[in-house]
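*Asks:* model this:
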Amino acid sequence: MVHEGLSMYQDRLDLITYGKKLVDTNLTKGTGGNLSVFNRKTGIMAITPTGIDFYEIRPEDIVLMNLDGDVVGGHRKPSSEWEMHLLQYKYRDDIDAVIHAHTAYATVFAILREPIPASHYMIAVAGKDVRVAEYATYGTHELAVNAFEAMKDRRAVLLANHGILAGAQDLLNAFNVIEEVEYCAAAYYRARCIGAPIILDDEEMTLMAEKFKTYGQRKSSESETK
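*Replies:* Prediction:
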């Protein structure tokens, strides 16, 4: 049994809340996707379990793991893609929450294996664009490494023929990245249907990156779960 101090009970509740929110806002379906948070003081990750509908997950179903990949709390099996989350926490100090989802429009570009360019300035929540990670079977070490490499200097990455992965300092901002990238993907898709989208240049996106250090970050006080 995990030590009481490592229970991360509020984090468990937040993972359930944002999992339901993914479904409610049509950013994923059923059990598609997974969410996690990382406690840097204890070195423990809380992650959603595998194969359970987001509306059926209970706090005790959330799995706790250390950075070695050992389960230290919870009676369920962790998401099969736990390593894809863990690598972000292990090698990046700017990410303490990760969300993977099967969003509709971002997945279109993941299937095309095309990055989402800066057709809208809001893509800056993730970076100057969103790259595509090389394809690998879900739940594998190879996919985790591919996603980590393609997400360097970014807060989101497309998983080829799969979906999207995003990370931020907390669940609120990780969810915001997913939401905004999906909006940009949808707008870009529609623009391509009727013409040739104009892409913002690197100079403008460098400016956006600077502005989004404050504008693009949401505060936890805005969250309905706090």
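*Asks:* show me what contacts the closest residue to Tyr18 other than its chain neighbours?
*Replies:* For Tyr18, ignoring the flanking residues on the chain, the nearest one in space by C-beta to C-beta, 6 or more residues apart in numbering is Leu171 at 5.0 Å. Placement of C-beta: from N, CA and C, glycine included. Contacts for Leu171 (C-beta atoms under 8 Å, 6 or more residues apart in numbering) come out as 14-15, 18, 35, 37, 97, 99, 223.
*Asks:* Now find how far off-centre the longest helix seen in the chain is within its chain.
*Replies:* Counting residues, the longest helix found in the chain (DSSP state H) is helix 171-194. Mean C-alpha position of helix 171-194 versus that of the full chain (C-alpha atoms, centre = their mean, to the nearest Å) differs by 13 Å.
*Asks:* List the buried residues in that helix.
*Replies:* 171-189 (16 or more other C-beta atoms under 10 Å).
*Asks:* For that helix, list the C-alpha coordinates in PDB.
*Replies:* Output of helix 171-194 as PDB, limited to C-alpha atoms (Å, rounded to 0.1, in the frame of the first residue of the first chain):
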ATOM      1  CA  LEU A 171      -3.900  19.700 -16.200                       C
ATOM      2  CA  LEU A 172      -5.700  22.900 -16.800                       C
ATOM      3  CA  ASN A 173      -3.000  24.100 -19.300                       C
ATOM      4  CA  ALA A 174      -2.400  20.600 -20.800                       C
ATOM      5  CA  PHE A 175      -6.200  20.500 -21.500                       C
ATOM      6  CA  ASN A 176      -6.000  24.000 -23.000                       C
ATOM      7  CA  VAL A 177      -3.200  22.900 -25.300                       C
ATOM      8  CA  ILE A 178      -5.300  20.000 -26.600                       C
ATOM      9  CA  GLU A 179      -8.300  22.200 -27.000                       C
ATOM     10  CA  GLU A 180      -6.500  25.000 -28.900                       C
ATOM     11  CA  VAL A 181      -4.500  22.700 -31.200                       C
ATOM     12  CA  GLU A 182      -7.700  20.900 -32.100                       C
ATOM     13  CA  TYR A 183      -9.300  24.300 -32.900                       C
ATOM     14  CA  CYS A 184      -6.300  25.200 -35.100                       C
ATOM     15  CA  ALA A 185      -6.400  21.800 -36.800                       C
ATOM     16  CA  ALA A 186     -10.100  22.200 -37.600                       C
ATOM     17  CA  ALA A 187      -9.600  25.700 -39.000                       C
ATOM     18  CA  TYR A 188      -6.600  24.600 -41.100                       C
ATOM     19  CA  TYR A 189      -8.500  21.600 -42.400                       C
ATOM     20  CA  ARG A 190     -11.500  23.700 -43.500                       C
ATOM     21  CA  ALA A 191      -9.300  26.400 -45.000                       C
ATOM     22  CA  ARG A 192      -7.500  23.700 -47.100                       C
ATOM     23  CA  CYS A 193     -10.900  22.500 -48.300                       C
ATOM     24  CA  ILE A 194     -11.600  25.800 -50.100                       C
END
